[in-house]
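Trainee: Quick one, what's the 3D model for this:
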Amino acid sequence: MRNGGYTLIEIIIVLMLVAILAAIVWPALQVSLERFTLEEASWRLAREIRQVQQQAVAKEEPFRIEFQRPFRRCVISHSGKTWDVFNLPAGIEIDDVSFTYSEVIFHPTGAPSMGGTVTLVNDRGEKRYVMVTVGAGRVRVAKEL
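Mentor: Below is the predicted model of the structure:
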């Protein structure tokens, strides 16, 4: 006669099935998480660049953003003083910067000193490109150049 409870063997079998499913799903989940982190870092960098552009217009002063590859960060400054620092999340690197001297200056009109691209890469080698167009200073994120 059974009391409606589970036996130790039934619990062990269920736990083994859960462990097997987790082992199958985990690699795919990890890839998705790394891709999401790269996407989020790219869009956040684009927002930071747009914010620098807006601050230049609002304060009617040039603002500068410097992309520091070895430190995995971007330093925003104006009037020779650091205004903000944007650090990239773990696992994301600045792969390449096409701006001269790894910086772009936004003038009080909102126009950038030049157009260029910042390439971000994750540990799996996937890349995203944050592009600033010359003239208007449009900022966009792309999967390909």
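Trainee: can we go C-alpha only for contacts and neighbour counts from here?
Mentor: Noted.
Trainee: Pull the distance from stretch 91-106 to the chain's centre.
Mentor: Chain-centre distance of stretch 91-106: 13 Å, with Cα atoms, centre = their mean, to the nearest Å.
Trainee: oh, I was asking about stretch 130-141
Mentor: Using Cα atoms, centre = their mean, the offset of stretch 130-141 from its chain centre is 16 Å.
Trainee: Now that stretch: buried residues?
Mentor: In terms of neighbour count (16 or more other Cα atoms under 10 Å), stretch 130-141 has its buried residues at 130, 131, 132, 137, 138, 139, 140, 141.
Trainee: Now pLDDT too, for these, in a markdown table please.
Mentor: Below are the buried residues of stretch 130-141 laid out as a markdown table (pLDDT from 0 to 100):
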| residue | pLDDT |
| --- | --- |
| 130 | 98 |
| 131 | 97 |
| 132 | 97 |
| 137 | 90 |
| 138 | 95 |
| 139 | 96 |
| 140 | 96 |
| 141 | 97 |
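Trainee: From the residues you listed, pick the one nearest residue 104.
Mentor: Taking Cα to Cα as the measure, residue 104 lies nearest residue 132 of these, at 9.2 Å.
Trainee: doesn't residue 142 make contact with the closest one?
Mentor: No: using Cα atoms under 8 Å as the test, residue 132 is too far from residue 142 to be in contact (11.2 Å).
Trainee: about what we covered before: I'd like the buried residues of stretch 130-141 as JSON lines, with distance to residue 79 and secondary structure appended.
Mentor: Below are these laid out as JSON lines (distance: Cα to Cα, whole Å; DSSP: H, G, I helix; E, B strand; the rest coil):
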{"residue": "130", "distance to residue 79": "25", "secondary structure": "strand"}
{"residue": "131", "distance to residue 79": "25", "secondary structure": "strand"}
{"residue": "132", "distance to residue 79": "22", "secondary structure": "strand"}
{"residue": "137", "distance to residue 79": "21", "secondary structure": "coil"}
{"residue": "138", "distance to residue 79": "24", "secondary structure": "coil"}
{"residue": "139", "distance to residue 79": "23", "secondary structure": "strand"}
{"residue": "140", "distance to residue 79": "27", "secondary structure": "strand"}
{"residue": "141", "distance to residue 79": "28", "secondary structure": "strand"}
